[in-house]
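> build me a structure from this.
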Amino acid sequence: MPFWDHVGELAKRLKVVLYVLVVSIVLFMVLPSNLSFLSNPLQFYDPLVALILRQIRAQMLPPNVMLIGYEVTVPLELYLIA
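Okay, the predicted model is just below:
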């Protein structure tokens with residue numbers, strides 16, 4: 001195959017990866033962490049990514065350590081990284 005055909009193939013594959021990444025980020029931020037939210041939607045909403053972050057914090061950090069974000073964008077960055 002010529003070089004530009006390889007570049008075109010790479011571009012198609014990178015688009016698929018980017019689309020899957022965006023869809024998965026949206027799903028993790030929208031889906032509730034417990035299904036009882038569906039029966040009573042007026043209760044407190046907890047997204048799936050918050051459950052994952054709580055588990056990471058509980059397993060990795062000592063109990064007396066508290067994470068503090070010094071910038072406004074730190075919570076959003078944490079959600080995107082998770």
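
> next secondary structure element downstream of the longest helix seen in the chain?
Longest helix of the chain, by residue count under DSSP state H: helix 3-30. Following helix 3-30 in sequence order, the next helix or strand is helix 36-39 (DSSP states H and E).

> remind me what that next one packs against, helices and strands.
Helix 36-39 sits against no helix or strand, with contacts defined as 3 or more Cβ pairs under 8 Å, 6 or more residues apart in numbering; DSSP states H and E. Just so you know, the C-beta spots here come from the backbone N, C-alpha and C atoms, and that holds for glycine as well.

> what does it contact?
Residues from elsewhere that reach helix 36-39 (Cβ atoms under 8 Å, 6 or more residues apart in numbering): 32, 43, 45-46.

> swap the cut-off to 10 Å and go again
31-32, 43-47 (Cβ atoms under 10 Å, 6 or more residues apart in numbering).

> burial count for the residue nearest to Met1 when sequence neighbours are not counted?
Among residues not flanking Met1 along the chain, Glu9 sits closest, at 7.9 Å (Cβ to Cβ, 6 or more residues apart in numbering). Look at Glu9: counted by other Cβ atoms under 10 Å, it has 11 neighbours.

> do Gly69 as well
Gly69 is flanked by 11 other residues according to other Cβ under 10 Å.

> which secondary structure state does it sit in?
Three-state assignment for Gly69 (DSSP: H, G, I helix; E, B strand; the rest coil): coil.

> check contacts around it.
Applying Cβ under 10 Å, 6+ apart, the residues near Gly69 are 75-78.

> cutoff 8 Å now
By Cβ under 8 Å, 6+ apart, Gly69 lies in contact with 75, 78.

> I'd like to know how far it sits from Leu18.
Per Cβ to Cβ, to the nearest Å, Gly69 is found 27 Å from Leu18.

> circling back to that earlier point, JSON lines please, covering the contacts of helix 36-39 and showing neighbour count, secondary structure and pLDDT.
What follows is the contacts of helix 36-39, written out as JSON lines (neighbours: other Cβ atoms under 10 Å; DSSP: H, G, I helix; E, B strand; the rest coil; pLDDT from 0 to 100):
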{"residue": "Leu31", "neighbour count": "13", "secondary structure": "coil", "pLDDT": "79"}
{"residue": "Pro32", "neighbour count": "16", "secondary structure": "strand", "pLDDT": "79"}
{"residue": "Gln43", "neighbour count": "11", "secondary structure": "coil", "pLDDT": "74"}
{"residue": "Phe44", "neighbour count": "6", "secondary structure": "coil", "pLDDT": "76"}
{"residue": "Tyr45", "neighbour count": "12", "secondary structure": "coil", "pLDDT": "76"}
{"residue": "Asp46", "neighbour count": "13", "secondary structure": "coil", "pLDDT": "78"}
{"residue": "Pro47", "neighbour count": "17", "secondary structure": "strand", "pLDDT": "81"}
